[in-house]
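Undergrad: A structural model of the following input is requested.
(one chain, ligands or ions: 1)
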Amino acid sequence: MQAPAIPGTLCAMRPPCCEVCDERFDPREGGALVDFARDPARADWYRRAEDPLFVGHPPHQGWFCATHLDAARALSHQTLGVATRELQLIARLRAIAPWTPGHLRVYCRGGGGADWHHDFVVDPARPADALRDAIAYADDVASEADGEPNLAWVSDGERILARGMHYAERARSQTEESR
Ligand SMILES: [Zn+2]
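TA: Numbers count the residues shown, from 1 in each chain. All right, here's what the predicted structure looks like:
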């Protein structure tokens, strides 16, 4: 008798552990597997997965707990790696201090693991001002030091709106925009 074909990817699903907070959860009580855009860099994996005996977890699928599920689905047009890094960053940023709605927060990561943040009040009449000020602050913080660089991100608590760019990066992106 011939052995039945093994549905490879199903055999090797990772257990339900949230990609953002690492919490193990029961999908019957919330949380789910989310499909993301396929990363072209993993083309080799998909080629190997065509073999019916292949066993492995699809690199474009990740588990997310009930807390992080909606945010993960909102980023599913990106790759799992890019979306997870963004969601982990937002989780860190929300954990710094109670989040005040109507604020933008700049999250800064200095060399040697020093973290700090700065909040900008959004004036509903002129919301663009706070964003401009927050980006300017993030750009000031960003540096391309030889050792560990300073990094900074601007967020509204739901999404990462901008990343601080040091002057050389800003000059490069302006050149690209003007092309
Ligand atoms: Zn989670």
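
Undergrad: which residues does D35 bridge with?
TA: Q61 (DSSP bridges).

Undergrad: That one: how many residues sit nearby?
TA: Counted with other CB atoms under 10 Å, residues neighbouring D35 total 12. Glycine gets a C-beta too; all of them are placed from N, C-alpha and C.

Undergrad: what does the one 5 residues further on give?
TA: Counted with other CB under 10 Å, the neighbours of P40 add up to 8.

Undergrad: Ramachandran angles for it?
TA: phi -60, psi -30 (degrees, to the nearest 10).

Undergrad: measure it to the ion for me?
TA: Counting by CB to the ion, to the nearest Å, the gap from P40 to the ion is 27 Å.

Undergrad: now swap in L69 and tell me
TA: 8 Å.

Undergrad: now that residue, what's its secondary structure?
TA: Look at L69: counting by DSSP: H, G, I helix; E, B strand; the rest coil, its state is helix.

Undergrad: For it, list the residues it contacts.
TA: G30, G31, A32, V34 (CB atoms under 8 Å, 6 or more residues apart in numbering).

Undergrad: The last one contacts C65, correct?
TA: No - in terms of CB atoms under 8 Å, V34 does not count as a neighbour of C65; the distance is 11.1 Å.

Undergrad: Of these two, give the one with the bigger neighbour count.
TA: When V34 and C65 are compared for neighbours, C65 comes out ahead with 23 against 19, by other CB under 10 Å.

Undergrad: which non-adjacent residue is nearest the more buried one?
TA: C18 (3.9 Å; CB to CB, 6 or more residues apart in numbering).

Undergrad: Assess the claim that V121 and H103 are in contact.
TA: Yes - V121 is within contact range of H103, at 5.9 Å (criterion: CB under 8 Å).

Undergrad: Between these two, which is the more surrounded one?
TA: A count of neighbours by other CB under 10 Å puts H103 above the other of V121 and H103, at 15 against 11.

Undergrad: For that one, list the residues it contacts.
TA: D119, F120, V121, V122, G157.

Undergrad: try 7 Å this time
TA: Shown in contact with H103 (CB atoms under 7 Å, 6 or more residues apart in numbering): D119, F120, V121, V122.

Undergrad: Against W153, how distant is it?
TA: Here H103 is placed at a distance of 14 Å from W153 (CB to CB, to the nearest Å).
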